[in-house]
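Undergrad: sequence unknown, structure follows:
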């Protein structure tokens, strides 16, 4: 995986023109290859990442779900969920979509019962087995990527990063120096996201931003402003910050100063 995230580099004592001549690489092709690599990072992240955190009072649609089943499992009616979420067609829900299942801070059960006419059924949430802790071969020193309240911490199973809450527009900064490997909104559930590649097989992820301020391939320094906090693909304003080593999530607080 480390090789996948590597940059295109010339062999020692070779010029870029010579490399281009040897491999028939044009500037346009190099640009396309870089873009393909960026897309590859996003696809790989989607394949190996855990599901992004689901806000309280919401349900994230899984493969095979129906609105009827979601309503039944949460003590609601299909009509109630359609009204709460502005859904016009009960059959038009997508995997990964967030469905509001509570009308307020506490769960409410509609007096109408379930859409199928039966009693609401209670299902136990799946038991998640925490991933084995990865011990990085090299350490990394991080700076906090944003000011704000630590709304949710790393637990290694259902939440593989940190959620930092603050107001929209709060500066988001690079936790360490590196190169922007991705800047965009191509991965559902993460909103406007930036991925920075660091030395030692580390990646840092900054999701749900309002505005992205850096582009792919750009070098960034520790503490440099790279985005503005927002709530893209999220119900609340906040930064979702994740650190990966060799493709696996690690607890960022192990490398962050105490505050």
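TA: Received the coordinates, thanks. Remember, it's a predicted structure, so these values are computed and weren't measured experimentally.

Undergrad: can we go C-alpha only for contacts and neighbour counts from here?
TA: OK.

Undergrad: any idea of the mean pLDDT in the longest strand along the chain?
TA: For the chain, the strand reaching the highest residue count under DSSP state E is reported as strand 202-212. In this model, strand 202-212 carries a mean pLDDT of 96.

Undergrad: Report the buried residues of that strand.
TA: Applying a neighbour-count criterion of 16 or more other Cα atoms under 10 Å, the buried positions in strand 202-212 are 202, 203, 204, 205, 206, 207, 208, 209, 210, 211, 212.

Undergrad: Kindly reformat these as CSV containing distance to residue 142.
TA: Written out in CSV, the entries for the buried residues of strand 202-212 read as follows (distance: Cα to Cα, whole Å):
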residue, distance to residue 142
202, 11
203, 12
204, 10
205, 13
206, 14
207, 17
208, 20
209, 20
210, 23
211, 22
212, 20
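
Undergrad: Pick the one among those residues closest to residue 77.
TA: Of all these, the one with the least separation from residue 77 (Cα to Cα) is residue 208, at 30.3 Å.

Undergrad: Pretty sure the closest one sits against residue 228.
TA: No. With contact defined as Cα atoms under 8 Å, residue 208 does not count as touching residue 228 (9.3 Å).

Undergrad: mind listing what's buried in stretch 227-246?
TA: Of the residues in stretch 227-246, those scored as buried under the neighbour-count criterion (16+ other Cα under 10 Å) are 227-234, 237-246.

Undergrad: can I assume residue 84 sits in a strand?
TA: No. Residue state for residue 84 (DSSP: H, G, I helix; E, B strand; the rest coil) corresponds to helix; a strand is not indicated.

Undergrad: Please determine how far it is located from residue 231.
TA: Residue 84 sits 19 Å away from residue 231 when distances are taken as Cα to Cα, to the nearest Å.

Undergrad: ok, which stretches of the stretch 51-200 of the chain are strands?
TA: Taking DSSP state E, counting those that start in this stretch as the test, the strands found in the stretch 51-200 of the chain are 58-60, 98-100, 149-152, 162-165, 171-173, 178-184, 192-198.

Undergrad: Can I get these in JSON lines including distance to residue 251?
TA: Putting those into JSON lines (distance: least, Cα to Cα, whole Å) gives the following:
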{"stretch": "strand 58-60", "distance to residue 251": "24"}
{"stretch": "strand 98-100", "distance to residue 251": "26"}
{"stretch": "strand 149-152", "distance to residue 251": "12"}
{"stretch": "strand 162-165", "distance to residue 251": "8"}
{"stretch": "strand 171-173", "distance to residue 251": "18"}
{"stretch": "strand 178-184", "distance to residue 251": "19"}
{"stretch": "strand 192-198", "distance to residue 251": "16"}
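
Undergrad: Deepest-packed of those, please.
TA: When you average the neighbours per residue for each of the strands of the stretch 51-200 of the chain (mean count of other Cα atoms under 10 Å), strand 192-198 leads with a mean of 25.
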